[in-house]
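Trainee: dropping a prediction and its sequence here:
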Amino acid sequence: MNEVRPLVELVEDTPVKLYPDLYPRRQPPAASLYPAPTLYELGCDGITLWDTYSRVYRISEWAMMKRLGHREQLKAWRESGRGNDYFRVLDCNWIGDRSGDPRYFQTNG
């Protein structure tokens, strides 16, 4: 975070807004809860997620990253161990009266 402080000072008292990119691009979902509050405390106006199309491959990460604008909640989420639980996969056995068993899917058009 030492590299961000001079940038914050550079744009201070100017109309320029500072939105640093969050790296690494691939990380466990809860890992983004550590740098985000620090960036806000340093004086950054927000966080950018450059090349979001390459981040969406792991939906579990995106489920957390899309919440990083909630500044006031980030520390509480981190302290309570949240972050990895915003996305989960559920087995679907039935949808209404339709089976979720792929052996019974119609694939002949």
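Mentor: Happy to help now that I have it.
Trainee: give me the contacts around stretch 32-50.
Mentor: If you take CB atoms under 8 Å, 6 or more residues apart in numbering as the criterion, stretch 32-50 is touched by 1, 4-5, 8, 12, 17-22, 55, 61, 64-65, 68-69, 71, 74-75, 77-78, 82-83. Backbone N, C-alpha and C define where each C-beta goes, glycine included.
Trainee: for ChimeraX, what selects the buried ones among these?
Mentor: In ChimeraX syntax, the buried subset of the contacts of stretch 32-50 is picked out as below (16 or more other CB atoms under 10 Å):
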select :4,18,20,22,55,61,64,65,68,74,77,78,82,83
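Trainee: so which residue is smack in the middle of the protein?
Mentor: Met65 (0.9 Å; CA atoms, centre = their mean).
Trainee: in helices, which of the contacts of stretch 32-50 appear?
Mentor: Judged by DSSP state H, the contacts of stretch 32-50 include Val4, Arg5, Val8, Arg55, Glu61, Met64, Met65, Arg71, Leu74, Lys75, Trp77, Arg78 as members of helices.
Trainee: test my guess that the last one contacts Met64.
Mentor: No. Using CB atoms under 8 Å, Arg78 is not in contact with Met64; the gap is 10.8 Å.
Trainee: now do the shared contacts for the two.
Mentor: With CB under 8 Å, 6+ apart, Arg78 and Met64 have common neighbours Ala30, Leu33.
Trainee: distance check, the closest residue to Gly69 other than its chain neighbours against Gly81.
Mentor: Nearest residue to Gly69, sequence neighbours excluded (CB to CB, 6 or more residues apart in numbering): Gly46, at 6.8 Å. Using CB to CB, to the nearest Å, one gets 25 Å for the distance from Gly46 to Gly81.
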